[in-house]
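# give the three-dimensional model of this entry:
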Amino acid sequence: MDLITRVRLTIKKYRLISPGDIVLVGVSGGPDSLALLHLLNRLREDLQCGLYACHLDHMFRGGEAEADARLVESLARQWRVPFVMERVNVPEYVERHGLSPQQGAREVRYRFYRETAARLGASRVALGHQADDQAETVLLSLIRGTGLKGLGGIPPVREGVFIRPLLETRRKQIESYCQSYGIPYRVDSSNLKEVYLRNRVRLELIPLLEEKYNPGVVDSLNRLAVIVRDEDGYLEAVARRALDDAAESGEEGKITFFIEKMNCYPPAIKRRMVMMAYRALAGHRRSPAFEHVERVIGAASCRRFRGKIELPGGICLVKRHRFLEMIRNRSGPQVPFYQYPLKVPGVTRIPEVGRSILAETVEAAGVGDPRRFSADQAVLDQETLQGPLCVRRRRDGDVFFPLGAGGRVKLKKFFIDLKVPREKRDAIPIVTCGNDIVWVAGFRPGEPWRVTGETRVCLRLALLEG
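Presented below is the predicted three-dimensional model:
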């Protein structure tokens, strides 16, 4: 099946575009998004839709990013597609809001899409995610121990606005299409850096699975995503009805579970009920860790339990006789103190903040240039780390020697100088060696443990979601 036929069938199958829609295509300059723009331009008369192209320069990669923008603008003009471009200083946005580069870039990018679509009257925003991206996403979710929602991967339609017409198309077919039509494209150099977990899944894990286990593993993972999304949708509907039956929200910031009714449902539904209630109070983009959900279910099942459970995001659970009350703390999120030994090598979960830290030992020669790492990664000279490594919440009076700062500063001042909001500071994991802070996760490693020309073995750390 040729690519244009496959894309037409995907659009029809998921009802991605209706006659009269105006479609805004997000174009990065890579093969996927440029092929998508070319295909939709060929199909727009059949689909009876309007078309715009847009490009966002995140200002992360200097001249390389500027070349991406020039290529997209040139091709949009050549194909007679109206073009919109914007430049946003995402590094500054990341620093100002205390976010990881990936999270900050995503927030800025989607805000750009929404605002541009609203300005142009576009009802759909088309993005270039394809089947190989889907397989990577499912594998990453499996590695991180997610639930069904994560295994469902990337949906073909999100929020009724964001659509992915290439989601059932393989990367190699897209690249072949670009070659056939003489479409030049750019390759983002960061996609080749093996320091990123997604890149290692793409460059190492999937080829290994294809060679040694299943040549069709990408197609299998895509089928899995479809099956799981359908089943997840069904279970969500069942859980919503169960929540309406077993709980009520009589006042702002509180949801009350009737324990006897709640315990009539199987664990799979109870977990979803708890997560739905939590998201309603803490915000729809937040989800509790598995450990917290189990504690809530355990409190409902245990007759002897009395008292309160603190949950991330400023939510607490109180058991009163026949009721469980989930309450939002109006004073803001409270992160309880925690401290865990850091697993080296391994992944250390931090359920209090919904994050994890990956730690691995690597030879200095293979670590790459640390200056090009995102703030969610750090490399340290392992031989200078004398003592046990831990990850904990910050403490009053913490002192830190930031890389490149020229001296010690109070951690509080470090956060103030970076304009990190006070309410977010307790959620930032602190990696320590003995009494010393060696990495403020998502921000900066410590100067005494920096990698030098004499470093032989490195400790590589990465801050992960979930």
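
# only C-alpha atoms from now on, for both contacts and neighbour counts.
Noted.

# output the lowest mean pLDDT helix or strand found in the chain.
Lowest by mean pLDDT, DSSP states H and E among the helices and strands of the chain is helix 422-425, with a mean of 76.

# quick check: closest non-adjacent residue to Leu221.
Nearest non-adjacent residue to Leu221, counting by CA to CA, 6 or more residues apart in numbering: Ala135, 5.3 Å away.

# repeat that for Arg240.
Met273 (7.0 Å).

# low-scoring pLDDT stretches of this structure, where are they?
190-195, 284-286, 330-334, 368-373, 423, 466 (pLDDT under 70).

# look up phi and psi at Pro288.
Backbone geometry at Pro288, expressed as degrees, to the nearest 10, gives phi -70, psi 150.

# what residues of stretch 155-169 count as buried?
Neighbour counts using 16 or more other CA atoms under 10 Å place Pro155, Pro156, Val157, Val161, Phe162, Ile163, Arg164, Pro165, Leu166, Leu167, Glu168, Thr169 of stretch 155-169 among the buried residues.

# who are the contact partners of the closest residue to the second one other than its chain neighbours?
Which is Pro156. With CA to CA, 6+ apart as the criterion, Pro156 has its nearest non-adjacent residue at 5.1 Å, and that residue is Arg164. Neighbour list for Arg164: Leu16, Ala126, Leu127, Gly128, His129, Gln130, Pro155, Pro156, Val157 [criterion: CA atoms under 8 Å, 6 or more residues apart in numbering].

# going by distance to Gln339, which of those residues wins?
Set against Gln339, the nearest of the contacts of Arg164 by CA to CA is Pro155 (36.5 Å).

# measure Tyr338 to Ala118 for me?
If you measure Tyr338 against Ala118 using CA to CA, to the nearest Å, the figure is 44 Å.

# now Arg303
Distance, Arg303 to Ala118, using CA to CA: 53 Å.

# pretty sure Ser100 contacts Asp376?
Yes. Taking contacts as CA atoms under 8 Å, Ser100 lies within contact range of Asp376: 5.8 Å.

# which residues are common contacts for the two?
Gly442.

# one step back: next helix or strand past the least confident helix or strand of the chain?
strand 430-433 (DSSP states H and E).

# partners of that next one in the sheet?
Applying DSSP bridges to the sheet, strand 430-433 is found paired with strand 389-392 (antiparallel), strand 436-440 (antiparallel).

# out of these, nearest to Pro345?
With CA to CA as the measure, strand 389-392 is the member of these nearest Pro345 (11.6 Å).

# which residues are contacting that closest one?
Outside strand 389-392, the residues touching it (CA under 8 Å, 6+ apart) are Phe337, Tyr338, Gln339, Tyr340, Pro341, Leu342, Pro429, Ile430, Val431, Thr432, Cys433, Gly434.

# same thing but 7 Å
Tyr338, Gln339, Tyr340, Pro341, Leu342, Pro429, Ile430, Val431, Thr432, Cys433, Gly434 (CA atoms under 7 Å, 6 or more residues apart in numbering).

# that'll do, ta.
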